[in-house]
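[1] what follows is a predicted structure for the sequence shown.
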Amino acid sequence: MDKLREQRLRNVWPSVLKGAFDHNGGLARDLPKLGPIHVHRDREDGFLSFILDPIRLYVQAVRSDRIDWDADGTQFTATLEVEGAILSMDYTITREVKPVHAMGSADSMVRLFGVDAALTMDTVRSDTEGNLDLAREYKSKLQAGSGQGKALVGWFDDDNDIINEILRSKKSAFAALWPRKTTLIDLTDPGKGSINTKDCMNATSAAAQNPDNPDKKVGDDAYRRHSYYMEGLLYNDALLGKAAYKGPAPNPYDQLMAHIRSFAASTQQFPEPMTVQSVMSAVDKNESVQAEMTSSFPSLLELSETPGLPALVREAYAEAHADAQRFHAEMERGSSLLVQESMQAVVTREHTTWDLDPLSLELKFAYSEGLDAFMLLGITARVAKLHSQWKDAADERVHAVIEQLRQMSFVVELLRERTRASLTERKLYDLLERRLNEAWRQSGNSE
């Protein structure tokens, strides 16, 4: 280890940080808009939605905590403490404005699938916070495992935005039916009851919490029929999205459909219920987790008729195709207003500021003796769990939305992830890297 180099860096580092982060009295970062999110359904006002925009991250100061050199003295990691971080956000709550006859058509669509109009997203909300933590735990395990596990996590991350687009669409059969669809436990005996998406979520959660327990398995026939049905609806929506897409190439719906088909092909290899530990082991050993990228895809009906497709999958796809056709036919027949963007009336606009717990950054640099310069290799942001700080409201509608938001931990988690992503953008540190090399050269000239 070059002690002179280490000391020289420690001498210049404080001024480098000050020049990079404190030259304008702190740091301000714009975060992407969040929403609209359907939060609450009111029988008089319809759906109440929530939008966060603009969202700004403010940082008062960035201080050096420590510098750790690698043993060979060619790389170092600087740990920084972020002080006085806050999220400053404006939020708007809106309600849908639709004529009475259009709302009546919407209710008839809901009745078409045999459920009550009051059945909403609340029916699939379970132990949200616990399930999010559990999902993050298994995501980390997959990322740390085989290449197949990394690929599946990568698919999820790559497709996240386009799936959110589908979920927000008024024309999405998947978005309309996934909270409502019920699947018979035994096709030959309806008296045994049915399951819905919430039941599948609960079964997955219980199995994930008991990964080796043979009594806590996932993947019985009803679970698989329900899953393949939903998969079929999502695939069908992606086909429609692909046809309507007007953006730059490549078409993002192509990637989503390729991933859906590849994932389905992988899961069809395991027709029997499995413990979660068995699932994880199968992912590690399964070398078929790869997506064939193409721009030509069969319809869902054609997919259901694929030779060699297991009967259970074929029937689930065919049912999903039929329900999707009925959904879109009902939209066309009911009212043209249903396929237009809903008019939105603003209920309230508010501002909120959240204080963030202390954050830390780890910046890894490499030193080149030939160039006598440093290059930033990577950034890790450690963001503690955020604590929601929504304001109480006297207005009953606003109060209902805020109460729902306090239960929707995924909103807080999204803000946390976007804060982390904002703090790890490479261009944020271009000035720091440049000032480090300028100060380094100047310190060398003065010696």
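    Great, that's in hand.

[2] would you map the strands across the chain?
    27-31, 34-42, 46-59, 61-69, 75-83, 86-97, 183-184, 194-195, 343-355, 359-368, 373-382 (DSSP state E).

[3] lowest-confidence stretch among the ones you listed?
    Among the strands of the chain, strand 34-42 has the lowest mean pLDDT, at a mean of 74.

[4] looking at the strands of the chain, which is closest to residue 230?
    Residue 230 lies closest to strand 183-184 among the strands of the chain, at 9.6 Å (C-beta to C-beta). To be clear about C-beta, it is placed using only N, CA and C from the backbone, and glycine gets the same treatment.

[5] for the closest one, which helices and strands make contact with it?
    Other helices and strands packing on strand 183-184, by 3 or more C-beta pairs under 8 Å, 6 or more residues apart in numbering; DSSP states H and E, are strand 194-195, helix 221-244.

[6] deepest of those, which one?
    helix 221-244 (a mean of 21; mean count of other C-beta atoms under 10 Å).

[7] report the rounded mean pLDDT for it.
    92.

[8] CA atoms of that helix as CSV?
    This file holds the C-alpha atoms of helix 221-244, laid out as CSV (Å, rounded to 0.1, in the frame of the first residue of the first chain):
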residue,chain,number,x,y,z
ASP,A,221,-54.1,-27.6,-10.4
ALA,A,222,-56.3,-24.7,-9.3
TYR,A,223,-53.3,-22.5,-8.6
ARG,A,224,-51.8,-23.3,-12.0
ARG,A,225,-55.0,-22.8,-13.9
HIS,A,226,-55.5,-19.4,-12.2
SER,A,227,-51.9,-18.4,-12.9
TYR,A,228,-51.9,-19.5,-16.6
TYR,A,229,-55.3,-17.7,-17.1
MET,A,230,-53.8,-14.4,-15.8
GLU,A,231,-50.7,-15.0,-17.8
GLY,A,232,-52.9,-15.4,-20.9
LEU,A,233,-54.7,-12.1,-20.2
LEU,A,234,-51.4,-10.3,-19.8
TYR,A,235,-50.1,-11.7,-23.0
ASN,A,236,-53.3,-10.7,-24.8
ASP,A,237,-53.1,-7.1,-23.5
ALA,A,238,-49.4,-7.0,-24.6
LEU,A,239,-50.5,-8.0,-28.1
LEU,A,240,-52.9,-5.1,-28.2
GLY,A,241,-50.3,-2.8,-26.7
LYS,A,242,-47.8,-3.9,-29.4
ALA,A,243,-50.3,-3.0,-32.2
ALA,A,244,-51.0,0.4,-30.6
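
[9] which strands and helices lie in contact with that helix?
    Under the contact definition 3+ C-beta pairs under 8 Å, 6+ apart, helix 221-244 sits against helix 147-168, helix 173-177, strand 183-184, strand 194-195, helix 197-209, helix 252-267, helix 300-304, helix 311-334.

[10] out of the ones you listed, which comes closest to residue 384?
    So among the helices and strands packed on helix 221-244, helix 147-168 is nearest, using C-beta to C-beta, at 22.0 Å.

[11] angle of the closest one against helix 252-267?
    130 degrees (axes from the mean of the first three to the mean of the last three C-alpha atoms, to 10 degrees).

[12] average pLDDT across helix 147-168?
    Averaging pLDDT along helix 147-168 gives 78.

[13] tilt between it and strand 46-59?
    Relative orientation of helix 147-168 and strand 46-59, computed by the same axes, to 10 degrees: 130 degrees.

[14] check which residues of helix 147-168 are buried.
    Using 16 or more other C-beta atoms under 10 Å as the test for burial, helix 147-168 gives 148, 149, 151, 152, 153, 155, 159, 162, 163, 165, 166.

[15] can you lay out the strands of the chain as a markdown table showing distance to residue 210?
    As requested, those are exported to a markdown table (distance: least, C-beta to C-beta, whole Å):
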| stretch | distance to residue 210 |
| --- | --- |
| strand 27-31 | 37 |
| strand 34-42 | 32 |
| strand 46-59 | 35 |
| strand 61-69 | 40 |
| strand 75-83 | 38 |
| strand 86-97 | 37 |
| strand 183-184 | 23 |
| strand 194-195 | 19 |
| strand 343-355 | 36 |
| strand 359-368 | 34 |
| strand 373-382 | 30 |
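
[16] do you know which of these lies nearest residue 281?
    Nearest to residue 281, of the strands of the chain and by C-beta to C-beta, is strand 194-195 at 25.9 Å.
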